[in-house]
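>>> Predicted structure and sequence below. I'll ask about it afterward.
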Amino acid sequence: MAKESFDKEIQFLRMLMLTSGAYNRVQFAERLGISVHTFDKTTRRLKEIAAASASPSVNTKDQELPLAVRYNYYESADPLLLFLFRTKSLKESESVRITHILEALNGQALTVMELIDACSSKMPEDMPLPDEKTIRSDLKYLESVGVIHKKNASRPYQYQLQDELLRSLSDEELIDLYDFVDVMSNTQVPSVQGYLLRDSLKKHLLRLFDEASSTEAFLYKYHYHSRILDEAHLYTLLEAIRHRRRVRFRYFTPKAEKTYTAQSTNPRFEREDEGKWHKSLPLKIVYDHQYGRWYMLSSDREGIRKFRMEGMTHLEEAESIPETDFQLKTAALEEKLQTSWLIDTGTPVTVRARFFSPEPPEPDFIKQRVLLQGQWGEIVEEDEQSFIYEITVNGIMEIKPWLRSFGSSCEVLAPSHLRRDMIEEWKEIQDYYESI
């Protein structure tokens, strides 16, 4: 799958999850910035992937796409990014070839020439027979993703499956490992690697026990499946940070009317789009667990810049910079973030709020929550009915939703403009609930 195609299909699936099929095909294509023909082609491609990933008993060919890619409500082992990752870099012939390679290596170590013979004898008649260069390329790919490894250090190399972990553990230990991975991949920052490991362990356990009960100890519902798609950019950006490289990308702001535009291949039909090209040095990646959003904090000619990763497409690494320059820019960013609730780099302001404690004998869950989530803020006054919490943060935009979430248990005291904002917002909410 081409890189641009992967970007397009990520944006496609994100919109599908967020709109739940509310757009018709023309509206969907306009919002993405692609033609209706491209929309239809992408839909067919995704339905093919869904059909290949689904259980044999499920017919996805005749379903609408939102239904074809919808998973069990409680089953988050297959987020949509994993759905794409499984097919993004392999053509049909590669998939068949790699399947035969893994089958041949099951339980034994083989050389390249032995694998050529094994694959050639099983390849379908309508597909070309693999040569030595092709098989070596496949083995290099499988070795890089950790599926196989070289058994010996001298030529001719023998390759074998890297499944020592599964073979060395008892059944009880495998179940314990699966339960641990299941909990971690569903409760920590969402990760495709965690879901891949969980999926592999689950399939192995189902082969051993031939029943689903051993893998259904926990049930989860993650509410931001569309946000997991942003992880496609995560490792490219972390690699750029590690090697002190700038990145180049096209960016669509959250308020843009389009979220993606297809790359023009014909200069005669080139048109203006709302995405802008940027080149910036990534310094830090931040995950906002409250809204399920990834942010890239970077530095360019305009200073410190913040980008939401859901708006980034056509991402690629650029030139590297000296280590001293990188350290200076990182130190400048950390200084600006010193009093940031999340990523705000604005002017620091002191926020004071009164929190009202619940009536006895109810436990003081308000105070417990403030102490748990209030970061470096402090309780400066306290009595039996309430306490005053104080914190200095960069701007009020990021802390406001947190204060608002306490409802009538929180009264903002300062600054005055934040208090006025909260009053106006609550008045607006009150208007919504006037009697009809």
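Looks like it came in fine. Numbers count the residues shown, from 1 in each chain.
>>> Skipping adjacent residues, who's closest to residue 157 in space?
Leaving aside its sequence neighbours, residue 157 sits nearest to residue 150 (C-beta to C-beta, 6 or more residues apart in numbering; 4.9 Å). To be clear about C-beta, it is placed using only N, CA and C from the backbone, and glycine gets the same treatment.
>>> Could you do residue 396 as well?
Nearest non-adjacent residue to residue 396, counting by C-beta to C-beta, 6+ apart: residue 418, 4.8 Å away.
>>> same for the helix or strand where that neighbour lies, what does it pack against?
Per DSSP states H and E, residue 418 falls inside helix 416-432. If contacts are counted by 3 or more C-beta pairs under 8 Å, 6 or more residues apart in numbering; DSSP states H and E, helix 416-432 sits against helix 400-404, strand 410-414.
>>> Next up, the contacts around residue 317.
Taking C-beta atoms under 8 Å, 6 or more residues apart in numbering as the criterion, residue 317 is in contact with 236, 239, 240, 243, 245, 246, 247, 248.
>>> Can you tell me which of the residues you listed is closest to residue 206?
Nearest to residue 206 out of the contacts of residue 317 is residue 236 (C-beta to C-beta; 33.2 Å).
>>> isn't that closest one right next to residue 248, touching?
No - using C-beta atoms under 8 Å, residue 236 is not in contact with residue 248, being 11.2 Å away.
>>> which SS state does the closest residue in space to residue 123 that isn't next to it in sequence fall under?
Spatial nearest neighbour of residue 123, excluding adjacent residues (C-beta to C-beta, 6+ apart): residue 129 at 5.8 Å. Secondary structure, DSSP: H, G, I helix; E, B strand; the rest coil: residue 129 is coil.
>>> Distance check, residue 129 against residue 308.
47 Å (C-beta to C-beta, to the nearest Å).
>>> In the stretch 201-350 of the chain, what residue spans correspond to helices?
225-228, 231-242, 323-336 (DSSP state H, counting those that start in this stretch).
>>> Check those for me: which has the lowest mean pLDDT.
Averaged per stretch, pLDDT over those is lowest on helix 225-228, reaching a mean of 65.
>>> quick one on the thing from earlier: which other residues reach the helix holding residue 418?
349, 351, 396, 400, 403, 404, 412, 413.
>>> residues in contact with residue 253?
Per C-beta under 8 Å, 6+ apart, neighbours of residue 253: residue 311.
>>> Residue 209 now?
Per C-beta under 8 Å, 6+ apart, neighbours of residue 209: residue 171.
>>> so how many other residues sit close to the residue nearest to residue 123?
Using other C-beta atoms under 10 Å, residue 129 has 11 other residues around it.
>>> Test my guess that it contacts residue 120.
Yes - applying C-beta under 8 Å as the test, residue 129 and residue 120 come out as touching, 4.9 Å apart.
>>> Now do the same contact list for residue 108.
Counted by C-beta under 8 Å, 6+ apart, residue 108 has contacts residue 160.
>>> from what I can see residue 142 touches residue 98, true?
Yes - shown here, residue 142 and residue 98 form a contact pair, counting by C-beta under 8 Å, at 6.8 Å.
>>> which intervals of this protein have sub-threshold pLDDT?
The model of the chain has pLDDT under 70 over residues 1-5, 20-21, 49-92, 189-192, 210-227, 263-274, 436.
>>> got the CA coordinates for whichever strand in it runs longest in CSV?
For the chain, the longest strand by residue count, based on DSSP state E, is strand 276-288. The C-alpha atoms that make up strand 276-288 are tabulated as CSV, following Å, rounded to 0.1, in the frame of the first residue of the first chain:
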residue,chain,number,x,y,z
LYS,A,276,-0.3,23.6,4.5
TRP,A,277,3.2,22.1,4.2
HIS,A,278,5.3,22.5,7.3
LYS,A,279,8.9,21.6,8.2
SER,A,280,9.6,21.4,11.9
LEU,A,281,11.8,19.8,14.5
PRO,A,282,9.9,17.5,16.8
LEU,A,283,10.9,17.8,20.4
LYS,A,284,8.2,16.1,22.4
ILE,A,285,5.1,13.9,21.9
VAL,A,286,2.2,14.4,24.4
TYR,A,287,-0.9,12.2,24.7
ASP,A,288,-4.0,13.8,26.2
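>>> ok, and what's touching that strand?
189, 234, 237-238, 240-241, 244-251, 293-300, 305, 307, 318, 321, 326, 329-330, 333, 337, 342-343.
>>> List buried residues within those residues.
234, 237, 240-241, 244-247, 249-251, 293-299, 305, 307, 326, 329-330, 333, 337, 342-343 (16 or more other C-beta atoms under 10 Å).
>>> just to revisit the earlier point, quick check: which of the helices of the stretch 201-350 of the chain is nearest to residue 45?
Of the helices of the stretch 201-350 of the chain, nearest to residue 45 by C-beta to C-beta is helix 231-242, at 16.5 Å.
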